[in-house]
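> Give me a model of this one.
(2 chains)
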Amino acid sequence: MPDVIDADLVETILDMAHHDVLPRGACIEAMKIVQDRYGWICDRHLKQIADLLGMSLADIDGVATYYNLIFRQPVGENVIMLCDSVSCWVMGTDGVREKLCRKLGVKMGQTTEDGKFTLLPIVCLGHCDHAPAMLINKEIYGPVRPEDIDGIIEAHREKTS
Amino acid sequence: MSYTAKDPEKRPLLALVDQASPPDVAAYERGGGFRGLRRVLAGMSPAEVVEEVQKSKLRGRGGAGFNTGLKWSFVPKETQKQRKKYIVANGDEMEPGTFKDRMLVEGNPLQLIEGMIIAAYAIQATHGVIFLRGEYHLGLERLKIAVEQAKAAGFLGTKILGADFDFELIVHPSGGRYICGEETALITALEGRRANPRTKPPFPQVSGLWGLPTVVNNIETFSNVPHILANGIDWYLGLSACDDGGTKLYGISGRARRPGVYELPLGTRMGVLLEECAGGMQDGYKLRAFLPGGASTAFLGAEHADIVMDYATPEKAGSRLGTGLAILLDDRASPIGMIRNLEHFFAQESCGFCTPCRDGLPWVEKLLIEIDEGRGTPDDIARLEDAARLIGPMGRTFCAHAPGAIAPLASGLKLFREDFERLVAQGRPSEGASPAQGHAA
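Predicted structure coming up:
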């Protein structure tokens, strides 16, 4: 991870800021594009975004920590988000969670030792007609059965090896 | 009778929806798209558009059910040149059990865009934002392509279709938080802040995004607008089976044979949705109760399994139509486990601004965990009732999050009273607390 944000991203952020009424209007999208490239938002990058948008560090950290999809800690190469909302609960997401934790050897919220996978709960993914649902990076899965987990995880492990 | 066949006359919203490959501008126009916008820009005044939408009796499809044209009419009557104004599409769709807007965005994004352009003309807005939930990656990609296509075809930008009307549209993917679905919280999020709701008044129509007049409507609501303008008020009123206009995207999730989204006349009966559209319950499961329109609507018991799903009837039965997508509780899942799951969600998603919601909901969740895991006492049931009474009423908190959170709890305490008492008496965890996986059908 570089000390400073790549120049092309800085340019995009300044462009978004310029087109908003106040530069801060771009802060959520700015954090998201930085995270897209580096995986998460480290303190140095957060400070740099704050400076670019004329915000204080405390202010922007308040925003960063408010949202589910902005990570202020390192995550694995693959982020698994397992829906824990009501339709998926009715359809058996608890069993999928147990299987995922066992397969990866982690608890919810943790990253595997090899840095390949982070396992997170997420609220309703709007895939309730295919419950239980889960999202791996940008790919949606459902209905997921515990016996499907081995295959799905191994496929992603190969993709990122 | 098929409930899913493409039929622009009876099911306009889904007629061109293709989730594998959404229509481009040419295909959309071939299917009747942009007829509404062309009619509007060929000679209707903004006031006439507002009036037509108001008379069509289109009501907000995000859950609150306010008359859309009436909402637009509260915007100060100034031209585009006199004041900057905003039109915002609420595509946050984080209400558990709701998956209709995703279908519209992925399957026919141009329908939404046309609805927003017409709305922009009606309130003379210059700028539009589509607020989309951050997890809808495919929807985001397709929306961005559709916006570019609409721009290239001259439906966005300056002098649209040669008229004296400019409109610029962007897409904002959310950082992810349920409360962003509340319209003032959504506006706050677009300003790059923690999305805490704001007090009303002033209403967004007068002072919204960056303090400027703003109309926020749900994605399904906007998607209705082109059809009203293209086909007229009488046609639109005729689509409905009740006093309000149009069709509704209904849905079923839970232990049904064919869960999904179905477009039917507004005011269709629940029995049609569950038995005919969703194919009934899976083998070995019986309907015990259901949340008619998302997590924040009160439970209705199986005796309401054929209730009319319009705006008025579920309210008379103590619940709400909400988003119109029902979540089923079957006889093999624990009602207490289900309520515990719901209250975990609401406690987690409280923005933390108001004490009853921030402190009360985690307390409710803890009591439910105790009862669900067999450690509850009769006093705990009384404490839950107190919490429902104290947190629930409108006005105890800033926004509708807490009342929504209490709806399934308060109704569940009445409907499943025996389950609560039996669990407390037997002192061991509820059965079906963690439903098993598997589609029987």
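> residues in contact with the residue nearest in space to the middle of chain A?
With distances taken as C-alpha atoms, centre = their mean, the residue of chain A nearest its centroid is A:L69 (4.9 Å). For A:L69, the contact set (C-beta atoms under 8 Å, 6 or more residues apart in numbering or on different chains) comprises A:32, B:134-135, B:174-176. The C-beta positions use only the backbone N, C-alpha and C, and glycine is treated the same way.
> For it, give me the pLDDT.
A:L69 is assigned a pLDDT of 96 by the prediction.
> Also the one 10 residues further on?
Reported pLDDT at A:V79 in the predicted model: 97.
> isn't there a strand covering it?
Yes: A:V79 sits within a strand when classified using DSSP: H, G, I helix; E, B strand; the rest coil.
> what about it, neighbour count?
Look at A:V79: counted by other C-beta atoms under 10 Å in any protein chain shown, it has 20 neighbours.
> Work out for me the element the residue nearest to the centre of chain A sits within.
Using DSSP states H and E, A:L69 sits within no helix or strand.
> Which of the contacts of A:L69 ranks first by neighbour count?
When neighbours are counted by other C-beta under 10 Å, B:S174 leads these with 28 neighbours.
> farthest pair in the contacts of A:L69?
Using C-beta to C-beta, those span at most 12.2 Å, a distance reached by A:K32 and B:E135.
> tell me the phi and psi of the residue nearest to the centre of chain A?
phi -100, psi 10 (degrees, to the nearest 10).
> Leaving out chain neighbours, which residue sits closest to it?
Leaving aside its sequence neighbours, A:L69 sits nearest to B:G176 (C-beta to C-beta, 6 or more residues apart in numbering or on different chains; 3.8 Å).
> Double-check that B:V129 belongs to a strand.
Yes: judged by three-state DSSP, B:V129 forms part of a strand.
> returning to what we had before: quick check: the gap between the residue nearest to the centre of chain A and A:K138.
Using C-beta to C-beta, to the nearest Å, A:L69 is found at 12 Å from A:K138.
> Kindly report the same for B:R30.
In this structure, B:R30 and A:K138 are 31 Å apart, going by C-beta to C-beta.
> Domain parsing of chain A, as residue ranges.
A:7-66, A:78-159 (automatic domain parsing).
> what about the residue lying farthest from the centre of chain A, distance to chain B?
In chain A, A:V21 marks the outermost C-alpha relative to the chain mean, sitting 27.7 Å out by C-alpha atoms, centre = their mean. Per C-beta to the nearest C-beta, to the nearest Å, A:V21 is found 4 Å from chain B.
> For that residue, which non-adjacent residue is closest in space?
B:W210 (4.3 Å).
> Please identify the helix or strand for residue 27.
No chain specified, so I'll use chain A. Using DSSP H and E, A:C27 falls in helix A:27-38.
> that's the wrong chain, I meant chain B
Counting by DSSP H and E, B:A27 is part of helix B:25-30.
> Show the secondary-structure elements that that helix is packed against.
Helices and strands touching helix B:25-30, by 3 or more C-beta pairs under 8 Å, 6 or more residues apart in numbering or on different chains; DSSP states H and E, are helix B:109-123, helix B:137-152.
> Pick out the residue closest to the middle of chain B.
Most central in chain B (C-alpha atoms, centre = their mean) works out to B:G62, at 3.1 Å.
> didn't that residue look like it was pressed against B:N218?
Yes: using C-beta atoms under 8 Å, B:G62 is in contact with B:N218, at 3.3 Å.
> How about the contacts made by whatever residue of the stretch 151-300 of chain B ends up closest to chain A?
As assessed by C-beta to the nearest C-beta, chain A sits closest to B:G175 within the stretch 151-300 of chain B, at 3.0 Å. Contacts for B:G175 were tallied using C-beta under 8 Å, 6+ apart; they are A:28, A:31-32, A:63, A:66-70, B:134, B:189.
> B:D92 contacts B:G134, correct?
No: with contact defined as C-beta under 8 Å, B:D92 does not reach B:G134; the gap is 9.4 Å.
> Give me the common contacts of those two.
B:S174.
> ok, back up a step: give the intersection of the neighbour lists for B:G62 and B:N218.
Overlap of the contact sets of B:G62 and B:N218 (by C-beta under 8 Å, 6+ apart) consists of B:N90.
> Would you confirm that B:G134 contacts B:G176?
Yes: contact criterion C-beta under 8 Å: B:G134 and B:G176 qualify, at 4.6 Å.
> For those two, list the residues in contact with both.
A:67-69.
> From chain B, how far off is A:M108?
Taken as C-beta to the nearest C-beta, the span from A:M108 to chain B is 13 Å.
> dump the residue contacts of that residue.
A:82, A:97, A:101, A:119-121.
> care to break chain B down by domain?
B:9-238, B:248-328, B:335-426.
> could those go into TSV alongside mean pLDDT and distance to A:P146?
Shown next, in TSV, are the domains of chain B (pLDDT from 0 to 100; distance: least, C-beta to C-beta, whole Å):
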stretch	mean pLDDT	distance to A:P146
domain B:9-238	97	22
domain B:248-328	97	18
domain B:335-426	96	18
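> As TSV, these with distance to A:I152 would be great.
Output for the domains of chain B, formatted as TSV (distance: least, C-beta to C-beta, whole Å):
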stretch	distance to A:I152
domain B:9-238	17
domain B:248-328	21
domain B:335-426	24
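> B:G293 - that's part of a strand, no?
No: the assignment for B:G293 (three-state DSSP) gives coil, which keeps it out of a strand.
> Next, count neighbours for it.
27.
> And for the one 4 residues further on?
Here the count is done by other C-beta under 10 Å, and B:T297 has 29 residues near it.
> quick one: contacts for it?
Neighbouring residues of B:T297 by C-beta under 8 Å, 6+ apart: B:291, B:314, B:319-322, B:404, B:407-408.
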